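1. Sequence and computational prediction follow.
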Amino acid sequence: MNRAVEPVQGTKRIVEDDRKSSILLKGTGYGVRVTFPEAASEEDLFDQIRRFPLETSHLSGGLDAVFDFQGRSLSKEFLLRILSEFVWPNGIRILAWLSYDLETRALLRAAGFSIEEPGSGHAESGREPPGSLVLTQSLRCGQRVEYDGDVIILGHMNEGAEIYASGNVFVRGRLKGVVHAGVDGGEHCVSAGSFEAAQVRLGDKICSSLGDDLRWKGKSVLFSVEDGSLIARELKV
């Protein structure tokens, strides 16, 4: 069953609520950038770390990451805990540890870590940028993913979670959060094993009323842009 959906045009709503205190996972040409908020307490950060779906893989290789602590002041104890509870258990290779706090930079340098942005030498090493980001766990409320390519979630996307991708977005389980595929334009798609969201956005096409449409509630649905129109299809699985 195909049905054209009337797009609702409007300005992008800016939601500030918990972003300043949430870890941000963002795909880059060299891998994944993990930005640690300055506003969150250390215990809150580690609570987020334990819940964050970093059992991730790129279809073109393993997981490389840059940790960006912004202006946070890191202690030796905090750094050791990051390593033992986050880096080593997940098998992450850290390309750089970034901070503009002078004492933190001195600590990271003394530990032998790279403290500069990955340069062009890494990009030219022969490894191609990842085409897809695969998350093997569910996204929770307050978690936000930005990626230059396709995003595939093998779990659920809970209410309050956000995904912004330049490519397509595929959610195998429930889709309750905010999804924007094709953020840079073009014709892309969003699919959900069980569609339960109030909004889906493809490029500059917005539909904000689908969550109240019982035709799609709890169904497996594919949304795509075809000939400039937003199209919804129920998938038979």
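-> Perfect, thanks for sending it. On a predicted model such as this, the values are computed, not experimentally measured, just so you know.

2. just for this structure, where's the confidence low?
-> In the predicted model, the chain carries pLDDT under 70 at residues 1-20, 52-62, 119-131, 207-214, 237.

3. Can you pull up the most central residue in it?
-> Residue closest to the mean C-alpha point of the chain, counted by CA atoms, centre = their mean, is V145 at 1.4 Å.

4. Assess the claim that that residue and M157 are in contact.
-> No: taking contacts as CB atoms under 8 Å, V145 lies outside contact range of M157: 9.5 Å. For the C-beta atoms, the positions are set from N, CA and C on the backbone; glycine is no exception.

5. Please enumerate the shared neighbours of those two.
-> Between them, V145 and M157 share these contacting residues under CB atoms under 8 Å, 6 or more residues apart in numbering: L139, I163.

6. tell me the domain ranges of the protein?
-> By the assignment in automatic domain parsing, the chain contains the domains 2-16+131-234, 20-123.

7. Of those, which stretch is the most buried?
-> Greatest average neighbour count among those goes to domain 2-16+131-234 (a mean of 18), per mean count of other CB atoms under 10 Å.

8. in the protein, what residue sits furthest out from the centroid?
-> A110 (31.4 Å).

9. picking that back up, tell me the spacing between the residue nearest to the centre of the chain and A165.
-> 8 Å (CB to CB, to the nearest Å).

10. Ok, L83 next?
-> Taken as CB to CB, the span from L83 to A165 is 30 Å.

11. What of P89?
-> Distance from P89 to A165, by CB to CB: 27 Å.

12. circling back: for V145 and A165, list the residues in contact with both.
-> By CB under 8 Å, 6+ apart, the residues touching both V145 and A165 are V151.
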